[in-house]
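[1] Show me the folded form of this:
(one chain, ligands or ions: 1)
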Amino acid sequence: MANENKLQNIIAHCKEYGFVFQSSEIYDGLSAVYDYGQNGAELKKNIREYWWKSMTQMHENIVGIDAAIFMHPTVWKASGHVDNFSDPMIDNKDSQKRYRVDHLIEGYVETLNDDAKGKALIAEMDALLANNDLAGLKKLIEDNKICCGISNTCNWTDVRQFNLMFSTQLGSVAEEASEIYLRPETAQGIFVNFLNVQKTGRMKIPFGIAQTGKAFRNEIVARGFIFRMREFEQMEMQFFVRPGTQAEWYNYWKETRMKWHLALGIAPEKYRFHDHVKLAHYADMACDIEYDFPMGFKEVEGVHSRTDFDLKQHQQYSGKKLTYFDTEINQHYVPYVIETSIGLDRAVMMVLSEAYEEQDLSTEEKTDSRVVLKLPAMLAPIKLAVLPLTKKDGLPEIARDLINECKPYFRCFYEEKDTIGKRYRRMDALGTPYCITIDHQTKEDGTVTIRDRDTMQQERIALVDVRAMIMEKTKMF
Ligand code: ATP
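    Purely as a prediction, here's the structure:
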């Protein structure tokens, strides 16, 4: 399947089976904003829970918080977002279309059949970006005759910086209202609570604070389905360490985060690390974990060594001391920070891209096919479908009893309509790992058929063993 097709098929599948809908679809949608349907919301919740438990439950020295989306406006001044959180952009005067300069140049490089030229162009672009040389970037675009894909002209405006933060007014009376921002990352909620958590939790360095929550960015060009959205969710963890030990912890977290990804059953060759050459203003080491999405290798997570930049800035802007007393070395210091930051929506997209499979099951006798979502069982929206073979003879009652026994422990689904084959296919498309069929033999000997989504194999097991078996097969740890 061509990759562009694969992406389109995944998008269609997500809509058809209640995973992801375009926001406000009945009003023709809102660009780069999406809603999760009944199955997508479960899948997303399960990924969030897997991340949360991996961080907090599985690490004694990491705790989780839930900070507000709104923060004091000075937070964003201190963090550098007011001054630096922008992307250079350029408009085509004929089509009025706006481009992120790096995307425009990268897009052009992809069309070149000349690797060396492409690499040289990207290197030149990186150098100009690093120097904030906006006029130089425009010249680079013009010199290479990079045109707008819509108007096909090179009639460009100057390159301008475009801040990605959304702002709004706090307060009811216009004159008294002050401008505040919707947070563009969750990390700052952790930094400003560093001492609250450290003191109340009696935390000893090294320790971490984790958080999941919404973030907002006015992305200039938002595309790629839920890959790049204007409202999205992040799962971030800030790990506070003794200054001088950051390289060791940075490597530790690179490795630990990769293990988390691989534990999803995704093959190592579908991932790669991309080390940053141009570092953000706060970082001394940084890399992306890239996954091979249908549109190629792209960032799903960042691991950043953020130095003591954020805490020092907040110390300076707030006038409050944000130091830690390290009893082992008898010293006060501002801790260094290693950050792991993964987009929950990108993780959903990664898991869906990995799981989506179109299978040809044709035999000599008949043509047949199915779409199956091979989701890791622990992440599946529905863990168990219970299907009575017929609607009579007491089979639905046995099925209901089984569901009542299991539903406090994991999510079940009951269905009695359609042939058993059609019901299996529907569960395959939703990614349900196990189906139990209740048939007449169940009444005789207390056994049921369990069907495995991936192998489509069926076997008979005792009805009384179902709950424990599914709990074992779908557990996170
Ligand atoms: P990109 O280069 O793709 O814009 P970024 O480097 O700006 O991403 P970070 O600021 O490091 O991203 O954010 C951490 C994570 O948050 C990213 O790895 C990504 O998974 C997620 N993320 C960032 N921006 C978006 C977005 N617009 N939509 C969905 N997820 C996002």
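[2] Please identify the residues of the stretch 251-400 of the chain in proximity to the ligand?
    Glu299, Val300, Glu301, Gly302, Ser341, Ile342, Gly343, Asp345, Arg346 (Cβ under 6 Å from any ligand atom). Glycine gets a C-beta too; all of them are placed from N, C-alpha and C.
[3] now these in CSV, with distance to Phe216?
    Shown next, in CSV, are those (distance: Cβ to Cβ, whole Å):
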residue, distance to Phe216
Glu299, 18
Val300, 19
Glu301, 19
Gly302, 18
Ser341, 15
Ile342, 17
Gly343, 13
Asp345, 13
Arg346, 15
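[4] In ChimeraX, how would I select just the buried ones from those?
    Only the buried members of these enter the following ChimeraX selection, criterion being 16 or more other Cβ atoms under 10 Å:
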select :299,300,301,302,341,342,343,345,346
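[5] Please flag which of the residues of the stretch 251-400 of the chain next to the ligand sit within strands.
    Of the positions in these, Glu299, Val300, Glu301, Gly302, Ser341, Ile342, Gly343 sit in strands, assigned by DSSP state E.
[6] mind checking pLDDT for the fourth one?
    I take that to be Gly302. Note for Gly302: predicted pLDDT of 97.
[7] wait, it sits on Ala283?
    No. With contact defined as Cβ atoms under 8 Å, Gly302 does not count as touching Ala283 (9.5 Å).
[8] Might you name the residue of this structure sitting closest to the ligand?
    Gly343 (2.5 Å; Cβ to the nearest ligand atom).
[9] for that residue, which residues make a bridge with it?
    Gln234 (DSSP bridges).
[10] That one contacts Val300, doesn't it?
    Yes. Using Cβ under 8 Å, Gly343 is in contact with Val300, at 6.9 Å.
[11] Just list the residues touching the spatially closest residue to Leu373 that is not a sequence neighbour, thanks.
    In space, and not counting its chain neighbours, Leu373 is closest to Gly431: 3.4 Å by Cβ to Cβ, 6 or more residues apart in numbering. Taking Cβ atoms under 8 Å, 6 or more residues apart in numbering, we find Gly431 in contact with Asn39, Leu43, Ala355, Val372, Leu373, Lys374, Leu375, Ala380, Pro381, Ile382, Arg453.
[12] what's the neighbour count on the last one?
    Here the count is done by other Cβ atoms under 10 Å, and Arg453 has 22 residues near it.
[13] What of the first one?
    Summarising burial for Asn39: neighbours were counted as other Cβ under 10 Å, giving 21.
[14] so which strand or helix has it?
    Applying DSSP states H and E as the criterion places Asn39 in helix 38-52.
[15] List the contacts of that helix.
    The contact list for helix 38-52 (Cβ under 8 Å, 6+ apart) reads 14, 17-20, 36, 64, 210, 212, 233, 235, 260, 342, 344-345, 347-348, 351-352, 375, 378-382, 411, 430-431, 476.
[16] Separate out the buried members of these.
    14, 17-20, 36, 64, 210, 212, 233, 235, 260, 342, 344-345, 347-348, 351-352, 375, 378-382, 430-431.
[17] Now go through the residues you listed and say which are in strands.
    Per DSSP E, those map to strands at Val20, Tyr36, Gly64, Ala210, Thr212, Glu233, Met235, Ile342.
[18] Let me know the pLDDT of the closest residue to the first one other than its chain neighbours.
    This points to Val20. Among residues not flanking Val20 along the chain, Cys14 sits closest, at 4.1 Å (Cβ to Cβ, 6+ apart). Here the pLDDT value assigned to Cys14 is 98.
[19] Could you chop this structure up by domain?
    Following automatic domain parsing, the chain resolves into domains at 4-76+164-352, 86-163, 382-474.
[20] Now the shortest one: average pLDDT?
    Which is domain 86-163. 92.
[21] Start and end of it, how far apart?
    4 Å (Cα to Cα, to the nearest Å).
[22] Off-centre distance for that domain?
    From the chain centre to the centre of domain 86-163 is a distance of 28 Å (Cα atoms, centre = their mean, to the nearest Å).
[23] Tell me, how many residues neighbour Gly319?
    Per other Cβ under 10 Å, the neighbour tally for Gly319 reads 7.
[24] Dihedrals phi and psi, it?
    phi 70, psi 10 (degrees, to the nearest 10).
[25] Would you check how far apart it and Ala78 are?
    Distance check for Gly319 against Ala78: by Cβ to Cβ, to the nearest Å, it reads 11 Å.
[26] Ok, Val300 next?
    For Val300 relative to Ala78 (Cβ to Cβ), the value is 28 Å.
[27] In the residues of the stretch 251-400 of the chain next to the ligand, find the pair that's most separated.
    Gly302 and Asp345 (14.6 Å; Cβ to Cβ).
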